[in-house]
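J.: would you be able to build a 3D model of this:
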Amino acid sequence: MRVLVVEDEPKMAGLLRRGLAEEGYAVDVATDGAEGFGAAVSRDYDAVVLDVMLPRLTGFVVCRRLRAEAVWVPVLMLTARAAVGDRIRGLDSGADDYLAKPFHLDELFARLRALTRRGPLARPTVPTAGDLRADPASRRCWRGETEIVLTAKEYALLEMFLRRPGAVLTRELLLEHCWDFAYESHSNVVEVHIRALREKIDRAFGVVSLETVRGAGYRLRADGGRAGTRP
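T.: The predicted structure follows:
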């Protein structure tokens, strides 16, 4: 396992390097955000331990840029900033976990083991399909530069499709993930909300992206839809 540590404080960087090496990790250390970003995009790491308060680029910016470059290496943010707002900002920037200083090395090792078990899964912070995108933090969505106002259920459906572009999602799967158990399987609530969602994300723009796959379910086109196509 190779880990990148991005930490500008020499004592902390040395402590992390020694501790991780004793646990059997191969460790590289970067001392500022720009150096850390460059290393993470150019080499294959199993995890990144990323401080927030860094010279040149903050940890928030580094993490956001990594995800924008489709670098899905697991990121553990390590910082003295323990306020709830900072933790939320770190996680929304694309971090997989957050550990506040002071910490015990054994906890850091356990969190790294958990992250590396998951592997580098694609988890974009702003899922997209063509020019259609959604922001889970604000629960807003856009086609191109035009914002689309959705209800809570319409947004939940759209985000689920955007997380799986090109995949067929069954009616049962949508019902299970976007509604509670009060809704019976024979209800037409899914069809009603799919129709309303199509009106807003497709027909209002003269495109078709949300397709019906007969006998199977629904699929969001990975290209975000094209004018003149039909479901």
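J.: wait, a helix at residue 103?
T.: No. Using DSSP: H, G, I helix; E, B strand; the rest coil, the assignment for residue 103 is coil, not a helix.
J.: beta partners of the closest residue to it other than its chain neighbours?
T.: Counting by CB to CB, 6 or more residues apart in numbering, residue 103 lies nearest to residue 78, which is 7.5 Å off, once chain neighbours are set aside. In short, each C-beta sits where N, CA and C put it, glycine included. Assessed by DSSP bridges, residue 78 has beta-bridge partners residue 51, residue 99.
J.: pLDDT value on residue 78, please?
T.: At residue 78, the pLDDT value in this model is 86.
J.: check contacts around it.
T.: 7, 49-52, 99, 101, 103, 108 (CB atoms under 8 Å, 6 or more residues apart in numbering).
J.: all strands of this protein, in order?
T.: 2-6, 26-30, 47-51, 75-79, 97-100, 128-129, 132-135, 140-143, 146-148, 168-169, 207-208, 210-213, 217-220, 226-227 (DSSP state E).
J.: elements contacting the second one?
T.: So that's strand 26-30. Applying 3 or more CB pairs under 8 Å, 6 or more residues apart in numbering; DSSP states H and E, we find strand 26-30 packed against strand 2-6, helix 10-22, helix 33-42.
J.: most packed of those?
T.: Comparing these by mean neighbour count (mean count of other CB atoms under 10 Å), strand 2-6 comes out on top with a mean of 23.
J.: any idea how far it is from the middle of the chain?
T.: 20 Å (CA atoms, centre = their mean, to the nearest Å).
J.: and that strand, C-alpha only, in CSV?
T.: Once non-C-alpha atoms are left out, strand 2-6 reads as follows in CSV (Å, rounded to 0.1, in the frame of the first residue of the first chain):
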residue,chain,number,x,y,z
ARG,A,2,1.4,3.4,-1.0
VAL,A,3,0.1,6.5,0.9
LEU,A,4,0.6,10.2,0.1
VAL,A,5,0.8,12.5,3.1
VAL,A,6,0.2,16.2,2.3
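J.: quick one: that strand to strand 47-51, angle?
T.: 10 degrees (axes from the mean of the first three to the mean of the last three CA atoms, to 10 degrees).
J.: average pLDDT for strand 2-6?
T.: 92.
J.: coming back round to it: of the strands of the chain, which shows the lowest average pLDDT?
T.: strand 226-227 (a mean of 72).
J.: what mean pLDDT does stretch 177-185 get?
T.: 62.
J.: check stretch 11-18 too.
T.: 93.
J.: cool, and stretch 62-71?
T.: 90.
J.: can you list the residues that contact that stretch?
T.: 6, 33, 36-37, 40-41, 48, 50, 54, 57, 73, 75, 77, 90, 93-95, 122-125.
J.: quick check, distance from that stretch to the centre of its chain.
T.: The answer for stretch 62-71 is 10 Å, by CA atoms, centre = their mean.
J.: any buried residues in it, and which?
T.: 62-67, 71 (16 or more other CB atoms under 10 Å).
J.: rewinding a little: could the helices and strands packed on strand 26-30 go into a markdown table alongside distance to residue 150?
T.: Listed next are those as a markdown table, based on distance: least, CB to CB, whole Å:
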| stretch | distance to residue 150 |
| --- | --- |
| strand 2-6 | 37 |
| helix 10-22 | 43 |
| helix 33-42 | 34 |
